[in-house]
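S.K.: here's my sequence, what's the structure:
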Amino acid sequence: MSILEMKVPSPGESITEVEIATWLVQDGDYVEKDQPIAEVDSDKATLELPAEQSGIITLKAEEGEVVQVGQVVCLIDMDAAKPAGSAAPAETPKEEPKAEVKKEEPAPAPKAEAAKTETYAAQTPSPAAKKILDEKGIAPSQVSGSGRDGRITKDDAVTASVPAMGSASGGNRGSSTTKLSVLRRKIAARLVSVKNETAMLTTFNEVDMSEIFRIRKQYKEEFAAKHGIGLGFMSFFTKAVTRALKLYPDVNASIDGDFKINYDFADISIAVSGPKGLMVPVLRNAENMSLRGVEANIKDLALKVRDGKITVDEMTGGTFTITNGGTFGSMLSTPIINPPQSAILGMHNIIQRPVAVDGQVVIRPMMYVAMSYDHRIIDGKESVGFLVAVKEAIDNPVEFLMDGDERRALEL
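M.R.: Numbering: from 1, shown residues only. Predicted structure coming up:
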């Protein structure tokens, strides 16, 4: 018998463990080579684990279990023949006895023994499910299992409700407990460390989006027709940031012990919302990209995040982060630094507001912007100056970002 031990591959440098987020197959299934069999969470991304060979699979790790890189998580019997017809296991347990009689398989255990086995299985949760039930204070006998032979699965435990207690309101008193993923736990630890280990301050300003609105309205159709991508706000903000980083290089720096590291390139991390939460892919050397180049690269990275195809390398090594809470309706917020970076720019929603221009009150599309920074290496002068440089570029993009030539800057 040829048995393949499938081990957890390394998702990227410095990652030593992952969590089995979801098994996409069941124990005893026949799997094809390269078929996705599991989703695993690292501290940076969710990745698919493909079958290395074809055969019958035996699972060696539970959903929610944290495993080390290089640890065996399943076995594949490569000598097993592919079942005729559907490779999936029988979906209707009630029909199994009939099928066994027709095929004259070895006689099953007596009914009394079978009932005893089923009752035992129904009351025996998986390790992950048992932990959740113990935390909730729910006995396994109070849960109906949906797994094979009635076994209580992790999902059964998560959705199980605490037995109702006497209540004057008579309302629902249920609750559920779900273990945080490795990715979410890592994010939580990073956020706490930022608060405890940096001298974080935030400075605010507002920008007038009138000129960018005009440019997008005037050229968006021609831009999309020629380049096959939309002309959004993020390309203008990215170029405004790379320009400001050149003017204030200490913002484009990080701390390593007693040393400050200044970067002569701008790798801009762009916060993108995905199915597993907020991801931060990186635009490498964004200072050399055109507006079209920024839009194309952001679109490519956003699609990878949405489809779960983003790699760890594509989310590692940024020198400055831009996040846009305005897409969710945020008017103003204090963004948290993405370590080991020293600063982050927060964009917000755009509101038509009355403002004073040349002594007259006019209505303009305005956005509040916020910059959080590590005061250990960035002084107030640099932080305020940086944000003012971003503001002047957004207020007047033709002069500061397009060298006075809109069409050439848009490559039209």
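
S.K.: use CA for all of it now, contacts and neighbours both
M.R.: Fine.

S.K.: which residues touch Glu392?
M.R.: Glu392 is in contact with Val207, Phe400, counting by CA atoms under 8 Å, 6 or more residues apart in numbering.

S.K.: at 10 Å instead, please
M.R.: Going by CA atoms under 10 Å, 6 or more residues apart in numbering, Glu392 touches Val207, Asp208, Ala240, Ala244, Glu399, Phe400, Leu401.

S.K.: for it, helix, strand, or coil?
M.R.: Judged by DSSP: H, G, I helix; E, B strand; the rest coil, the three-state class of Glu392 is helix.

S.K.: quick one on the thing from earlier: for PyMOL, what selects the buried ones among the contacts of Glu392?
M.R.: In PyMOL syntax, the buried subset of the contacts of Glu392 is picked out as below (16 or more other CA atoms under 10 Å):
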select buried, resi 207+208+240+244+400+401
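
S.K.: separation between the nearest residue to Val280 once chain neighbours are set aside and Gly346?
M.R.: Excluding its sequence neighbours, the residue lying closest to Val280 (CA to CA, 6 or more residues apart in numbering) is Ala271, at 4.4 Å. Note on Ala271: its distance to Gly346, by CA to CA, to the nearest Å, is 10 Å.

S.K.: just Val241 next, same as before
M.R.: 11 Å.

S.K.: ok so, going back, surely the residue nearest to Val280 and Gly318 touch.
M.R.: No - between Ala271 and Gly318 there is no contact under CA atoms under 10 Å: 11.3 Å.

S.K.: need the overlap of contacts for the two.
M.R.: With CA under 10 Å, 6+ apart, Ala271 and Gly318 have common neighbours Val280, Pro281, Val282.

S.K.: among those residues, which one lies nearest to Arg151?
M.R.: Nearest to Arg151 among those: Val280, at 38.9 Å, using CA to CA.

S.K.: for stretch 196-205, buried residues please.
M.R.: Buried residues in stretch 196-205 (16+ other CA under 10 Å): Thr198, Met200, Leu201, Thr202, Phe204.

S.K.: and if you look at stretch 221-234?
M.R.: Residues of stretch 221-234 classed as buried: Phe223, His227, Gly230, Leu231, Gly232, Met234 (neighbour count, 16+ other CA under 10 Å).

S.K.: leaving out chain neighbours, which residue sits closest to the last one?
M.R.: So the one you mean is Met234. The spatial neighbour of Met234 that comes closest, neighbours along the chain excluded (CA to CA, 6+ apart), is Glu295 at 7.5 Å.

S.K.: which residues touch that neighbour?
M.R.: Going by CA under 10 Å, 6+ apart, Glu295 touches His227, Ile229, Gly230, Leu231, Gly232, Phe233, Met234, Ser235, Phe236, Thr238, Met289.

S.K.: what strand or helix carries it?
M.R.: In the assignment (DSSP states H and E), Glu295 maps to helix 291-307.

S.K.: hmm, back to that, just the buried residues of stretch 196-205: which are in strands?
M.R.: Met200, Leu201, Thr202, Phe204 (DSSP state E).

S.K.: re the thing from before, who has more neighbours out of Val241 and Gly346?
M.R.: Set Val241 next to Gly346 and count neighbours by other CA atoms under 10 Å: Val241 wins out with 27 against 22.

S.K.: what sits closest to the more buried one if chain neighbours are left out?
M.R.: Val390 (6.1 Å).

S.K.: ok, now Leu247?
M.R.: Phe386 (7.5 Å).

S.K.: how about Ile255?
M.R.: Ile261 (6.2 Å).

S.K.: which pLDDT value goes with the one you found?
M.R.: Looking at Ile261, its pLDDT reads 93.

S.K.: tell me the spacing between it and Pro249.
M.R.: 10 Å.

S.K.: more neighbours, those two?
M.R.: Comparing Ile261 with Pro249 by other CA under 10 Å, the one with more neighbours is Pro249, at 16 against 11.

S.K.: so the more buried one sits against Lys260, correct?
M.R.: No - with contact defined as CA under 10 Å, Pro249 and Lys260 do not form a contacting pair (11.6 Å).

S.K.: remind me, longest strand of this protein?
M.R.: strand 360-374.

S.K.: which helices and strands does that strand pack with?
M.R.: Here strand 360-374 touches strand 200-208, helix 210-227, strand 253-256, strand 320-324, strand 343-347, strand 350-357, helix 380-395, going by 3 or more CA pairs under 10 Å, 6 or more residues apart in numbering; DSSP states H and E.

S.K.: and it with strand 350-357, angle?
M.R.: Between strand 360-374 and strand 350-357, the angle comes out at 120 degrees (axes from the mean of the first three to the mean of the last three CA atoms, to 10 degrees).

S.K.: start the count at 14 instead of 1 going forward.
M.R.: Fine by me, first position is 14 from now on; the one you just mentioned is strand 373-387.

S.K.: tell me the strands beside strand 373-387, with direction?
M.R.: Strand pairing for strand 373-387, using DSSP bridges, gives strand 213-221 (antiparallel), strand 356-360 (antiparallel), strand 363-370 (antiparallel).

S.K.: avg pLDDT for it?
M.R.: Mean predicted confidence for strand 373-387 is 96.

S.K.: which of the contacts of Glu405 lies closest to Asn185?
M.R.: Val220 (47.3 Å).

S.K.: need the helices and strands packed on strand 373-387 in TSV with distance to Glu419 and mean pLDDT, can you?
M.R.: Shown next, in TSV, are the helices and strands packed on strand 373-387 (distance: least, CA to CA, whole Å; pLDDT from 0 to 100):
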stretch	distance to Glu419	mean pLDDT
strand 213-221	18	95
helix 223-240	8	95
strand 266-269	32	90
strand 333-337	24	94
strand 356-360	24	95
strand 363-370	23	94
helix 393-408	14	96
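
S.K.: between these, which one is closest to Ile89.
M.R.: That would be, of the helices and strands packed on strand 373-387 and by CA to CA, strand 333-337, which comes in at 42.9 Å.

S.K.: by contact count, what packs against that closest one?
M.R.: Judged by 3+ CA pairs under 10 Å, 6+ apart, the packing partners of strand 333-337 are helix 247-260, strand 281-283, strand 285-287, strand 356-360, strand 373-387.

S.K.: distance to Thr340 for those - can I get that in JSON lines?
M.R.: What follows is the helices and strands packed on strand 333-337, written out as JSON lines (distance: least, CA to CA, whole Å):
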{"stretch": "helix 247-260", "distance to Thr340": "11"}
{"stretch": "strand 281-283", "distance to Thr340": "13"}
{"stretch": "strand 285-287", "distance to Thr340": "10"}
{"stretch": "strand 356-360", "distance to Thr340": "9"}
{"stretch": "strand 373-387", "distance to Thr340": "12"}
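
S.K.: noted, bye for now.
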